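**Student:** pasting the sequence and the predicted coordinates here, then a few questions.
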Amino acid sequence: MRVLTSISGNDLNDVGAMASCLEGSGFTGITSQENRHDAFLPLAIAATHTEKLELRTSISIAFSRSPMSSAMMAWDIQQASGGRFTLGLGSQIKGHNVRRFSVPWSPPAPRMREYVQSVRAIWDCWQNDSKLDYQGEHYQFTLMTPNFTPEKLECALPLIEIAAVGPVMLKVAAEECDGVMLHGFCTRKYLEQAVMPRLELGLDNSNRSRRRFEISGGGFVATGVDDEAVAKMFEWIRMRVGFYGSTPAYWPVFEAHGLEDLGHKLNDMSKKGLWDEMTREISDDVVHLFAAVGRHDELVDVLSKRFGDLVDIVALPPDTPADVVQNVRVVPTPCGG
């Protein structure tokens, strides 16, 4: 099993040393998210301070950028890292696209399909001298001159993965991408009954094997050196479940467990700004649905039961001890990790 951890972009001056330390701790790779800071910049720095660490955006918000911009940033980090970059894309919800980024909204899955296809078309033009001629409903790319063509990569093209929750986006991931990033707001039951059938359908449609498609995430992990540390993380996850559960886009997961009423209640409370009260609506049993819970000495068994035969990549806190990381990495996965 591959083990990732997140790296902060709060202070770019710290990123190089931090990435080097995480590589020394045995993590397979690091992720950078587009939250308060840019997702690409920390990974560009990490690329020049590490030798083996996988680097991935998790996620970069797709529709706020042209595919051309994402293609170029991914290209440069791939070159700098010697082939260790994965472009992780996510659609974000309508409100953030329209009101925070001021970009038009349309059904996200068809648009994401075109986004991934157009990035690949751009890369093929740069690497293989093919004519750039991508014609889609949402994106059209027909111009590329030598002055704007980067040097060819001396390694493989970057991988592309997308974040997916619903059935249509899951199918797009399996048909167009190298992997899928599942949200933490996910349960074992939803993985088995909703996620895997859609991924298997998409892989069949694209004539690809599961062993050549990686699945990351699919639940939270509450862990720590002792019970007190685990309990602290457990409470943080309770808050996150309440937060995400208030958003209708995530309700299919609640519906798999007959928790539709909880989703509606959380949504009503969020509109009133009752954030602390929302957390108290999430019972211990509900948290356990969404999280693998256990101390460091229990972690291998806990993760094996929660993810082992379904998921290839898990994320652990950056302060996880090196021996714990190494123990988790020996857990077998469907993708051969």
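**Tutor:** Here it is on my side, so go on. Only a predicted model underlies this, so the values are computations on that prediction, with no experimental measurement involved. Numbering: from 1, shown residues only.

**Student:** now do the helices in the stretch 101-250 of the chain.
**Tutor:** With DSSP state H, counting those that start in this stretch as the criterion, the stretch 101-250 of the chain has helices at 108-128, 167-176, 188-190, 196-205, 227-245.

**Student:** turn those helices into a markdown table, including mean neighbour count and mean pLDDT.
**Tutor:** (Glycine included, C-beta is placed from N, CA and C.) What follows is the helices of the stretch 101-250 of the chain, written out as a markdown table (neighbours: other C-beta atoms under 10 Å; pLDDT from 0 to 100):
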| stretch | mean neighbour count | mean pLDDT |
| --- | --- | --- |
| helix 108-128 | 20 | 97 |
| helix 167-176 | 22 | 94 |
| helix 188-190 | 17 | 93 |
| helix 196-205 | 17 | 93 |
| helix 227-245 | 18 | 95 |
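
**Student:** distance to Pro150 added to those helices, as CSV?
**Tutor:** As requested, the helices of the stretch 101-250 of the chain are exported to CSV (distance: least, C-beta to C-beta, whole Å):
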stretch, distance to Pro150
helix 108-128, 6
helix 167-176, 23
helix 188-190, 41
helix 196-205, 31
helix 227-245, 38
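
**Student:** for Ala292, find the nearest of the ones you listed.
**Tutor:** helix 188-190 (9.1 Å; C-beta to C-beta).

**Student:** contact partners of the closest one?
**Tutor:** Applying C-beta atoms under 8 Å, 6 or more residues apart in numbering, the contact partners of helix 188-190 are 219, 252-253, 256-257, 289, 306.

**Student:** and these, which are buried?
**Tutor:** 219, 253, 256, 289, 306 (16 or more other C-beta atoms under 10 Å).

**Student:** determine which of the helices of the stretch 101-250 of the chain approaches Ala315 most closely.
**Tutor:** helix 227-245 (12.5 Å).

**Student:** who does that closest one touch, helix- and strand-wise?
**Tutor:** strand 220-222, helix 260-271, helix 275-280, helix 284-290, strand 291-293 (3 or more C-beta pairs under 8 Å, 6 or more residues apart in numbering; DSSP states H and E).

**Student:** 10 Å instead, please
**Tutor:** strand 220-222, helix 251-255, helix 260-271, helix 275-280, helix 284-290, strand 291-293 (3 or more C-beta pairs under 10 Å, 6 or more residues apart in numbering; DSSP states H and E).

**Student:** relative to Leu143, which of those is closest?
**Tutor:** Across those, Leu143 has its closest neighbour in helix 251-255 (40.5 Å, C-beta to C-beta).

**Student:** could I get the closest one in CSV with only the CA atoms?
**Tutor:** C-alpha atoms of helix 251-255 as CSV (Å, rounded to 0.1, in the frame of the first residue of the first chain):
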residue,chain,number,x,y,z
TRP,A,251,-25.7,12.8,0.2
PRO,A,252,-25.5,9.6,-1.8
VAL,A,253,-23.1,8.3,0.8
PHE,A,254,-25.6,9.1,3.6
GLU,A,255,-28.4,7.5,1.5
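
**Student:** and it, average pLDDT?
**Tutor:** If you average the pLDDT over helix 251-255, you get 92.

**Student:** which other residues reach it?
**Tutor:** 165-167, 183, 185-187, 189-191, 194-195, 241, 244-245, 248, 259-264, 266-267, 286, 289-290 (C-beta atoms under 10 Å, 6 or more residues apart in numbering).

**Student:** swap the cut-off to 7 Å and go again
**Tutor:** 166, 185-187, 190, 194, 245, 260, 262-263 (C-beta atoms under 7 Å, 6 or more residues apart in numbering).

**Student:** quick check: the farthest pair among those residues?
**Tutor:** Across these (C-beta to C-beta), the longest gap, 18.7 Å, separates Gly166 and Leu262.

**Student:** the residue nearest to Glu192 when sequence neighbours are not counted: neighbouring residues, count only.
**Tutor:** Using C-beta to C-beta, 6 or more residues apart in numbering and skipping residues adjacent in sequence, the residue nearest Glu192 is Leu310, 7.3 Å away. Other residues near Leu310 come to 18 when the count uses other C-beta atoms under 10 Å.

**Student:** circling back: need the helices and strands packed on helix 227-245 in CSV (columns: distance to Glu154).
**Tutor:** Formatted as CSV, those follow (distance: least, C-beta to C-beta, whole Å):
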stretch, distance to Glu154
strand 220-222, 36
helix 251-255, 42
helix 260-271, 49
helix 275-280, 49
helix 284-290, 42
strand 291-293, 39
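
**Student:** so which of those is nearest Tyr139?
**Tutor:** helix 251-255 (27.7 Å).
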